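Chemist: the amino acid sequence is not available; the structure is as follows:
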């Protein structure tokens with residue numbers, strides 16, 4: 001075509017590559033339009049969670065379609081292009097290598113699923129709830145790193161997919177959704193220990209969130225028993241006793257969801273304070 005000849009002459013690039021660039025651009029625009037229309041239709045879903053899941057899957061299909069078209073159009077020329085890049089700029093080749101590595105790490109994350117959206121993870125001292133997983137990176141909503149009960153800071157951190165192979169990953173939701181938390185209550189040596197522990201058991205076991213967890217966890221462990229060697233002898237809350245200097249430490253251990261841990265802990269402490277003010281239990285006062 002004449003316009004291809006003119007463009008080729010102006011930018012001094014072979015007509016074949018000019019034609020391929022124009023075709024690639026047009027196909028990408030068409031796919032982009034289809035993607036925008038598809039996302040708009042998916043947003044009519046009444047369930048926000050399903051809407052997000054469908055949207056992400058649709059975007060992944062569109063990305064794979066773009067990749068397929070590029071390979072289809074440029075397949076026979078890719079070797080020459082890569083050779084040209086390696087000769088022209090070693091630095092550019094390294095940058096390209098990182099992009100490719102991140103892309104395939106993204107596929108690994110999608111297929112193997114070391115973590116999923118809504119999981120609470122910690123990697124390379126970054127801790128937060130996964131809110132998005134892309135081809136090149138994943139995003140987490142940061143939480144405070146004081147302990148696992150950390151609250152959201154409102155900051156979204158963008159992390160490259162390659163981090164999954166470079167640093168150990170802690171997933172607070174992998175396998176099953178619950179983890180153990182402990183609260184230490186200090187009481188005097190001469191207190192009525194049996195009465196105190198009974199009241200503490202009543203406070204913990206009456207918590208609506210805690211008391212519904214054991215049967216759910218048992219079911220989850222049964223479901224993943226063929227994949228992970230995980231088992232517990234006890235699922236209900238337990239209080240351990242320990243003497244320390246001039247007082248007794250009662251360590252209350254219970255199961256909780258990581259995202260609800262701080263709320264549950266605060267509720268338990270509020271009830272302990274009420275019990276103390278009503279003179280049902282004694283608390284240790286440091287001299």
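Modeler: Everything's here; your move. Only a predicted model underlies this, so the values are computations on that prediction, with no experimental measurement involved. Numbering: from 1, shown residues only.

Chemist: where does residue 251 sit: helix, strand or coil?
Modeler: strand (DSSP: H, G, I helix; E, B strand; the rest coil).

Chemist: residues near residue 58, how many?
Modeler: Using other CB atoms under 10 Å, the number of residues around residue 58 comes to 16. No exception for glycine: its C-beta is placed from N, CA and C like everyone else's.

Chemist: and the closest residue to it other than its chain neighbours, how far from residue 134?
Modeler: Computed as CB to CB, 6 or more residues apart in numbering, the closest residue to residue 58 that is not its neighbour in sequence is residue 38, at 5.3 Å. As judged by CB to CB, to the nearest Å, residue 38 and residue 134 stand 17 Å apart.

Chemist: could you look up the SS state of the residue nearest to residue 58?
Modeler: Classified using three-state DSSP, residue 38 is helix.

Chemist: how many residues are close by it?
Modeler: As a measure of burial, residue 38 has 16 neighbours, counting by other CB under 10 Å.

Chemist: again, but for residue 182
Modeler: 10.

Chemist: which SSE is the residue nearest in space to the middle of the chain in?
Modeler: For the chain, residue 130 is the residue whose C-alpha lies nearest the centre (CA atoms, centre = their mean; 3.1 Å). Assigned by DSSP states H and E, residue 130 belongs to strand 126-133.

Chemist: residue 240 now?
Modeler: Using DSSP H and E, residue 240 sits within strand 238-244.

Chemist: sec struct for the residue lying closest to residue 153 once chain neighbours are set aside, please.
Modeler: The shortest distance from residue 153 to any non-neighbouring residue, by CB to CB, 6+ apart, is to residue 142 (4.7 Å). Per three-state DSSP, the secondary structure class of residue 142 is strand.

Chemist: equivalent analysis for residue 114, please.
Modeler: Applying three-state DSSP: residue 114 is coil.

Chemist: so how far is residue 188 from it?
Modeler: For residue 114, the distance to residue 188 - CB to CB - is 47 Å.

Chemist: over to residue 212?
Modeler: Residue 212 is 34 Å from residue 188, by CB to CB.

Chemist: more neighbours, those two?
Modeler: residue 188 (15 against 9).

Chemist: and that one, what are its bridge partners?
Modeler: Counting by DSSP bridges, residue 188 is bridged to residue 247.

Chemist: how about low-confidence regions in this protein?
Modeler: Applying pLDDT under 70 to the chain picks out residues 1-18, 45-49, 52, 75-96, 145-150, 175, 218, 220-233, 287.

Chemist: now the helices for it?
Modeler: When secondary structure is read from DSSP state H, the chain shows helices at 2-11, 15-42, 48-74, 78-88, 90-112, 163-166, 193-205, 208-211, 213-224, 261-277.

Chemist: could the ones you listed go into a markdown table alongside distance to residue 179?
Modeler: Listed next are the helices of the chain as a markdown table, based on distance: least, CB to CB, whole Å:
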| stretch | distance to residue 179 |
| --- | --- |
| helix 2-11 | 59 |
| helix 15-42 | 34 |
| helix 48-74 | 22 |
| helix 78-88 | 47 |
| helix 90-112 | 22 |
| helix 163-166 | 21 |
| helix 193-205 | 16 |
| helix 208-211 | 13 |
| helix 213-224 | 10 |
| helix 261-277 | 8 |
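
Chemist: re the thing from before, and the residue nearest to the centre of the chain, what does it touch?
Modeler: Residues near residue 130 by CB atoms under 8 Å, 6 or more residues apart in numbering: 115, 116, 117, 118, 119, 120, 121, 138, 139, 140.

Chemist: mind giving me the domain split of this structure?
Modeler: Residue ranges for each domain of the chain read 2-88, 120-171, 179-277, as given by automatic domain parsing.
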